[in-house]
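Visitor: Coordinates for the following, if possible.
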Amino acid sequence: MVRIAPSLLAADFSRLAEEMEDVRLAGADWLHYDVMDGCFVPNISMGIPVLESIRKATGMFLDAHLMITEPVRYAQAFCRAGADLVNIHVEADRPEEIERALRLIKDEGKRCGITLKPATSWEAARPYLDLVDLILVMTVEPGFGGQHFMAEQMDKLRALRHALDESGRSILLEVDGGVDPETAPVCIENGADVLVAGSAVFHAPDRREAIRRLRGN
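Guide: Next up is the predicted model:
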């Protein structure tokens, strides 16, 4: 069954602990934690201290998506702050440094992932398939809000699904960007295992129903 990971950027930060508990009770599987540094992407979001506080407030699986340059500098810190999975962009550094960051995450006993921007070929994931537990396909440009779902990214998702099925590797495929009850079925049909949804969950009048619809039940 597909996992639903509400993005905390869309939550009400004045009552964040309540928001996390509410989506847990509504049926969410993971929480998605977006980190933006103002350099790799043009916005700035949450960092390590907020993640530490979140970890104290919830037992849910925390999926940290690092949209930062040179993620090797902070990969271990996010693991130690409470992330269960730390996900870094293949575009954020040289390949050898991306591999080093992934190994540091593994050394901390956590799961690791890589993210592909819309313009990045699915084949950029190939060098890391022996290391990663998850591949995230962005269906909007990271760091910008209010964008429309890029349906053309389904070709990339489908290619990855085929490559992973052929290899026999047990790697989850995640989709983030413009995921809502209309686009979620397309993602699932093309091989997604995890759906990140922000406003589609946190801004929904009935969060349980929103998650049910995203999951396709």
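Visitor: contacts, neighbours, all on C-alpha from now
Guide: Noted.
Visitor: ok, Arg3 - contacts?
Guide: Shown in contact with Arg3 (Cα atoms under 8 Å, 6 or more residues apart in numbering): Ala28, Asp29, Trp30, Asp193, Val194, Leu195, Arg215.
Visitor: partner strands of the helix or strand where Asp63 lies, parallel or antiparallel?
Guide: Take DSSP states H and E as the rule and Asp63 turns out to sit in strand 61-67. Sheet pairing here is set by DSSP bridges, and for strand 61-67 it gives strand 30-36 (parallel), strand 85-89 (parallel).
Visitor: now for the helix or strand just after that strand, which elements pack on it?
Guide: Following strand 61-67 in sequence order, the next helix or strand is helix 75-81 (DSSP H and E). Contacts defined by 3 or more Cα pairs under 8 Å, 6 or more residues apart in numbering; DSSP states H and E place helix 75-81 against helix 48-57, strand 85-89, helix 95-107.
Visitor: Okay, angle between the longest one and strand 85-89 too, please.
Guide: Put simply, helix 95-107 runs at 180 degrees to strand 85-89, going by axes from the mean of the first three to the mean of the last three Cα atoms, to 10 degrees.
Visitor: The next helix or strand after helix 95-107 pairs with which strands?
Guide: Moving toward the C-terminus from helix 95-107, the next helix or strand (DSSP H and E) is strand 111-116. Here strand 111-116 has these sheet partners by DSSP bridges: strand 85-89 (parallel), strand 134-138 (parallel).
Visitor: Poorly predicted segments of the chain, please.
Guide: Where the chain drops to pLDDT under 70, the residues are 144-146.
Visitor: at 50 instead, please
Guide: By pLDDT under 50, the chain contains no weakly predicted segment.
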